[in-house]
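Asker: Curious how this folds, go ahead:
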Amino acid sequence: MNELNKLRRSFVKLAHAGGPLSFYDAVVLAVDDETFTCDVLLDEAEVYGVRLRAVLSDSKSIDVLPVRGALVVIGKLADDDYIVIACDQIAMYRITTGSTMLRVDPGGVLVSKDGETLGKILNDLVRGVLSIAAPKDVPAIAGLIERINNFLL
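Answerer: Now for the predicted structure:
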């Protein structure tokens, strides 16, 4: 048997060693926003500690927290290791890269970098404009602060 056939057979054997990856529909019972895991109901059985992050590490990249009662699709990675692939309702979505972070939740949107937030920068800008604006423009400009604060955290 030539080397290419040996390599091919080894690859096929390795690929099938763990069995096929399986996906299941489930319902979220509880969410832990510290460990980024959730408990789900899968075919009338509770499964605990289902991963919400793809990689088990302290690094952050993309975090999604489903709401309790959300319908989810989970993938089985190993005997007792599952991961949420998709969900129909989320409580929070966060992307972190280096010191830059974007978070979306029911309270609004937070964009931050190195301790600064987009909301604070925009509020400071509006206050600066108010300090030099003509009196007739003040109510419209002041109204921007409330609009910014309703949208951004």
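Asker: wait, is residue 68 part of a helix?
Answerer: No. Counting by DSSP: H, G, I helix; E, B strand; the rest coil, one finds residue 68 to be coil, located in no helix.
Asker: quick one: the residue lying closest to it once chain neighbours are set aside and residue 105, what's the gap?
Answerer: Spatial nearest neighbour of residue 68, chain neighbours left out: residue 28 (5.7 Å); criterion: C-beta to C-beta, 6 or more residues apart in numbering. Placement of C-beta: from N, CA and C, glycine included. Plainly put, residue 28 is 16 Å away from residue 105 if you go by C-beta to C-beta, to the nearest Å.
Asker: all helices of the protein, in order?
Answerer: For the chain, the helices defined by DSSP state H occupy 3-17, 118-132, 138-151.
Asker: helices and strands around the shortest one, which ones?
Answerer: This means helix 138-151. With contacts taken as 3 or more C-beta pairs under 8 Å, 6 or more residues apart in numbering; DSSP states H and E, helix 138-151 sits against strand 108-113, helix 118-132.
Asker: looking at those, which has the lowest confidence?
Answerer: Of all those, helix 118-132 carries the lowest average pLDDT, namely a mean of 88.
Asker: Need the residues that contact that one.
Answerer: For helix 118-132, the external contacting residues (C-beta atoms under 8 Å, 6 or more residues apart in numbering) are 110-112, 138, 141-142, 144-145, 148-149, 152-153.
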